[in-house]
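Q: need coordinates for the below:
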Amino acid sequence: MKHISYIDDLNEWKASFSFFHPIKVRFSETDAFGHLNNTVPFVYFEEARIEFLRHIGLMDRWLSETSEAIPVVADLQCHFLQQVYFAERLQIGVKVHEIGNSSVDLHYIGQKEDGTIAFTGRGIMVQISKQTGKGIPWSDEMRSILKGSSETLT
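A: Predicted coordinates:
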């Protein structure tokens, strides 16, 4: 396997995920060769990220009418390791890797039913003001929630 810059030890990295969201590959997500289109993992990352943020209690805060902040994706990468085909079942894992002032580096894993890694990813999400578009620092409570969601912060 090629070296992926954000993964030091693949087995250790894989074992550090605790949140997973199930996905079944739809026919519309495949290309003429019958395998997953290369744009689709980004949609899976989004779906899993939103479910992860709901799970830890942040998404509902951002969606409330009184919230001044919204999360936006500032960077997103995917590394393809195995082909994926129509009707395969995947588990998309999400974890917090590092917390910045108003940003969080999230890591993603797309696993097949047998545990084989199909693709990996990482991305930066930033909490910004709805009014100004500028970053809003994490509150101590939000930082604690993010830290508590993952056992392997660096």
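Q: residues in contact with the nearest residue to residue 80 once chain neighbours are set aside?
A: Nearest non-adjacent residue to residue 80, counting by Cβ to Cβ, 6 or more residues apart in numbering: residue 119, 5.1 Å away. Backbone N, C-alpha and C define where each C-beta goes, glycine included. Residue 119 makes contacts with 41, 78-82, 84, 109-110, as judged by Cβ atoms under 8 Å, 6 or more residues apart in numbering.
Q: out of the residues you listed, who's the most crowded?
A: residue 110 (27 neighbours; other Cβ atoms under 10 Å).
Q: partners of residue 78 in the sheet?
A: Counting by DSSP bridges, residue 78 is bridged to residue 121.
Q: what about residue 137, distance to residue 146?
A: 12 Å (Cβ to Cβ, to the nearest Å).
Q: ignore what I typed, I meant residue 12.
A: From residue 12 to residue 146 the distance is 21 Å (Cβ to Cβ).
Q: more neighbours: these two, which one.
A: Neighbour totals were compared for residue 12 and residue 146, and residue 146 leads with 19 against 10 (other Cβ under 10 Å).
Q: all good on my end, thank you.
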